[in-house]
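J.: Structure here, sequence nowhere to be found:
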């Protein structure tokens, strides 16, 4: 049987959707199109399904609260600009008040000590190799190193329907969960809002839950 058919189960499709959603939220600031998509009935049904897990419910509630507040704001464009400013301050500028979304910063103790991001370094090259092996590429409009959390989450989404559980678990542990808790701690400590902290906590809770599920399925 073709592996893609073997692994492309409804459960793995659902897991892939979660990883794609999380990837999209870290890939760029919230805009009108993404806001409409996330507050549409289909997305809300998906959020409700995720919120049935007690480990995810509080973060889902916080995310939905911010989304609905932004959508129903007297000046939605202004509310989106404020969230965009949060995104920029947290992820796009390398300052002591940011939480850079690159694996290399958290997997290299020297980089953390020096507050120095090793852009396009070892972790980037490793991800590039995985992407090439899977015949995937980072879109040209996303000019970020491949160890960006959005790229890694998108790759895990691809793996969900293309690889066996052991392969997925090994990758997630080495390339995502190995640094995700440190990233979440950093983001939580510098985020003055609620939206991105909730997304980060949701991501960590989901990844840890998914790892338990993958391990149990072996």
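T.: Nice, I can see it. These numbers come from a predicted model, not from an experiment.

J.: how far does the helix or strand hosting residue 61 sit from the chain's center?
T.: For residue 61, the host element (DSSP states H and E) is helix 54-71. Its chain's average C-alpha position is 16 Å from that of helix 54-71, according to CA atoms, centre = their mean, to the nearest Å.

J.: counting contacts, what elements does it pack onto?
T.: Judged by 3 or more CB pairs under 8 Å, 6 or more residues apart in numbering; DSSP states H and E, helix 54-71 is in contact with helix 32-39, helix 41-51, helix 76-87, helix 195-216. No exception for glycine: its C-beta is placed from N, CA and C like everyone else's.

J.: other SSEs contacting the longest one?
T.: It refers to helix 195-216. Partner elements for helix 195-216 (3+ CB pairs under 8 Å, 6+ apart): helix 10-27, helix 54-71, helix 76-87, helix 165-172, helix 180-190.

J.: Columns distance to residue 128, mean neighbour count and mean pLDDT on top of those, output as TSV?
T.: Listed next are those as TSV, based on distance: least, CB to CB, whole Å; neighbours: other CB atoms under 10 Å; pLDDT from 0 to 100:
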stretch	distance to residue 128	mean neighbour count	mean pLDDT
helix 10-27	17	18	96
helix 54-71	31	16	96
helix 76-87	25	15	96
helix 165-172	14	17	96
helix 180-190	20	17	96
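
J.: I'd like the ones you listed written out as CSV, with distance to residue 100 added.
T.: What follows is the helices and strands packed on helix 195-216, written out as CSV (distance: least, CB to CB, whole Å):
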stretch, distance to residue 100
helix 10-27, 12
helix 54-71, 21
helix 76-87, 13
helix 165-172, 21
helix 180-190, 8
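
J.: out of the ones you listed, nearest to residue 102?
T.: Residue 102 lies closest to helix 180-190 among the helices and strands packed on helix 195-216, at 9.0 Å (CB to CB).

J.: what's the angle from that closest one to helix 195-216?
T.: Relative orientation of helix 180-190 and helix 195-216, computed by axes from the mean of the first three to the mean of the last three CA atoms, to 10 degrees: 160 degrees.

J.: distance between helix 180-190 and the chain's centre?
T.: Its chain's C-alpha centre and that of helix 180-190 lie 13 Å apart, by CA atoms, centre = their mean.

J.: got a list of contacts for stretch 63-71?
T.: Stretch 63-71 has contacts (CB atoms under 8 Å, 6 or more residues apart in numbering) with 30, 35, 38-39, 44, 47, 76, 79-80, 83, 193-195, 198-199, 202.

J.: top of these by neighbour count?
T.: Among those, the one with the most neighbours (other CB atoms under 10 Å) is residue 202, at 25 neighbours.

J.: That one and residue 56 touch, don't they?
T.: Yes - applying CB atoms under 8 Å as the test, residue 202 and residue 56 come out as touching, 6.0 Å apart.

J.: right, and the helices and strands packed on helix 195-216 - which one's nearest residue 145?
T.: When the helices and strands packed on helix 195-216 are compared by CB to CB, helix 10-27 sits nearest residue 145, at 13.1 Å.

J.: So which other helices or strands are in contact with the closest one?
T.: The contact analysis (3+ CB pairs under 8 Å, 6+ apart) places helix 10-27 against helix 41-51, helix 149-160, helix 195-216.
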